[in-house]
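Visitor: sequence plus the predicted model coming up.
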Amino acid sequence: MSQPSRAAFRWRDLVVGVPLAVWLVTVTFGAVLAAWTVLTPAYQAPDEPNHVDRVIATAHGHVLIPPKSRHTGIGIVRSEHVAGVPSCCPPPAGQPLELDEAPPHDRRPSIASLGGGAQQPGTDVNQITAHPPLYYLWEGAIAKALPDSWPYDKTLEGLRFASLLLVVPLPLLTYAAARRLAGPGPVPVTAAVLPLAIPMLGHLGASVTNDSLLVLLGGLLTVLTAYVATGDTSRRTAAWTGVVLAAALLTKAFGFVGFFGVAVAYAVAWARALRARKPEAAPPGPAARARAALAGTGRHAAERVSGRVGLAGRTPLVGRAPLGGAIIAIGLGVLGGGWYWARNAVVYGAVQPDGGAYVPPPAPPSWHPSFWGYFFHGYPSRLMTSFFGNFGWLADPLPGAVVAASVAVLLLGITLSFRFRPTRERPWSWADVAVVVLPAFLLFWSVGWQGWQGWRLRESIGADQGRYLYFGLAGLLVAVALGLSRLPRPARRWVPLGAYAVAAAYQAYAALDVLDFFWGPRASDLAYQIRNAVAWSVWSGSELAALAGLATVVALFAAFALCLPGERPAGPRLHDRGRLSQALSVTSRS
């Protein structure tokens, strides 16, 4: 059996040794997120006014707010009207913002001058108070640092950029996780490109929402569980895994699925260790002995020299027995994040108390929906539409054909990634893929079950939102990148560039759709829509033109870098050819 990698997780692995192409793709991703802050009108992202109100309250010291006790601040409500957005409802299709209604930059009031976070009877209950406080502590610190005199749109832009910064590292995280599983080469570069191919991620990541922090934590957890499943059971990695789990629990309830992913990752590591220690295990064959002779020919080469099948691989472990690491990780996660939910149970009598959101009336007695019809027809359709693109307050969905094609690529990539016979070129196993996609799979069924209860009892479908899967997004993208490596050999090198081109076209299509929906009548031309968006933006036209030009240059450089030969797939380096020849000659005589 080949010798496994003994490399443990280090934070510097996320930035050291990353190819230039991946850095340029990450910068391009940041530019796309910044563009979405302009494309998305003020408060026109899911629950954005409520998130901003919670941020303002946190900035003034109200961190743990009892559910149903807070109404949306009067300054937020009034700034919504100034921004041309009625409170708590999207503009209907065909009634976008108008160019001549945009208030001049020097006459836009601040949130503080409009009343700030002051409470006033009659405004809606802010149901966001039911969420944990971690994201709002981050945004509240930013809001506290911003001048109170800033206009509402400038304050909102600052909060959006603070949220955007949490999402920008996602390409680096998908790259790191894919490289751990597949080694250097086109596969991890493709994984870095794929976040660009989800327009809804850009729309959501550029708004004020706690989903941004959950995307970051989900990406970090994907990297850590990839390391754990492939043999890194060190105490340090376990401790960091526990910290990320705790942070996820303090961000949103969906963070609980991370515990299952971590448990399975340690179970995979344990199963591989037990299998490798069996005394009756068959001796390694010639090819395995040749690969074992090359183990240790460099950090990343050693990571991918593997002859494992199924659960066999990467042993001996890095660190102590997997059970100890699992106890550390899960224990720290429970202690660091579970206290908030335990407090809810003690103080409010429920782990997840009702935040005061609108609850539809019960369904009539004659209402008898089909469980299977819901789960395999209506629910997946609504979920995947809002996963890839349903902008605003779920008011502007992408066409069904576009969403269907996107879902087909996603499912095909994940299916192809489940290889049951690892090879030298594709050394991951089905267990590795299962570890990284498990959080998204569990969220699919958890969100679906919650949505089914609302549909069954109240004929309501409010829980069917694709963003609820974003905690597991990084794992899905890594799996798709692994699956795309099944393309014919001549095409593999060009997969990152092809994915980049498709992502660019997808983002352009979504941008045109949003411009048409929010920024101009259906009969208006593109020039009018762009002028309208600029007029309502916090930026001037010249500033946006300069920034757009700079972003275009970076995007073109990224495309050029993806054309160049990048990292080679794992294998022997030039100075190791002698050792390889010697090993093969020895094994050929055995």
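Guide: Right, received. Where do you want to start?

Visitor: next one: phi and psi at residue 233?
Guide: Backbone geometry at residue 233, expressed as degrees, to the nearest 10, gives phi -110, psi 30.

Visitor: that one - how many residues pack around it?
Guide: Using other CB atoms under 10 Å, residue 233 is surrounded by 27 other residues. Using the backbone N, CA and C atoms, a C-beta is placed for each residue, glycine as well.

Visitor: residue 192 now?
Guide: 32.

Visitor: mind listing the strands for the protein?
Guide: 232-233, 318-319, 390, 396-397 (DSSP state E).

Visitor: mind listing residues that contact the third one?
Guide: Which is strand 390. Residues from elsewhere that reach strand 390 (CB atoms under 8 Å, 6 or more residues apart in numbering): 200, 396, 397, 398, 466.

Visitor: apart from its neighbours in sequence, what residue is nearest the fourth one?
Guide: In this structure, residue 398 finds its nearest non-sequential neighbour in residue 389, 3.9 Å apart by CB to CB, 6 or more residues apart in numbering.

Visitor: separation between that neighbour and residue 468?
Guide: Relative to residue 468, residue 389 is positioned 15 Å away (CB to CB, to the nearest Å).

Visitor: neighbour count winner among those two?
Guide: Remark: of residue 389 and residue 468, residue 389 carries more neighbours, 26 against 23, as counted by other CB under 10 Å.

Visitor: isn't that one up against residue 203?
Guide: Yes - look at residue 389 against residue 203 with CB atoms under 8 Å: they come within range, at 7.4 Å.

Visitor: list residues touching both of those two?
Guide: Contact criterion CB under 8 Å, 6+ apart; residues shared by residue 389 and residue 203: residue 510.

Visitor: enumerate every residue touching the residue nearest to residue 398.
Guide: Counting by CB under 8 Å, 6+ apart, residue 389 has contacts 198, 199, 200, 203, 397, 398, 402, 403, 510, 513.

Visitor: one more time with 7 Å, if that's ok
Guide: Shown in contact with residue 389 (CB atoms under 7 Å, 6 or more residues apart in numbering): 199, 200, 397, 398, 510.

Visitor: top of these by number of neighbours, please.
Guide: Highest count within the contacts of residue 389 by other CB under 10 Å belongs to residue 199, 27 neighbours.

Visitor: okay but residue 195 is in contact with residue 26, surely?
Guide: No - Residue 195 lies out of contact with residue 26 (CB atoms under 7 Å); the separation is 9.1 Å.

Visitor: what touches both of those two?
Guide: Residues within reach of residue 195 and of residue 26 at once, by CB under 7 Å, 6+ apart, are residue 171.

Visitor: the stretch 251-400 of the chain: helices as residue ranges?
Guide: For the stretch 251-400 of the chain, the helices defined by DSSP state H, counting those that start in this stretch occupy 257-276, 286-293, 299-304, 322-348, 371-373, 379-388, 391-394, 400-417.

Visitor: separation between residue 77 and residue 471?
Guide: According to CB to CB, residue 77 stands 30 Å off from residue 471.
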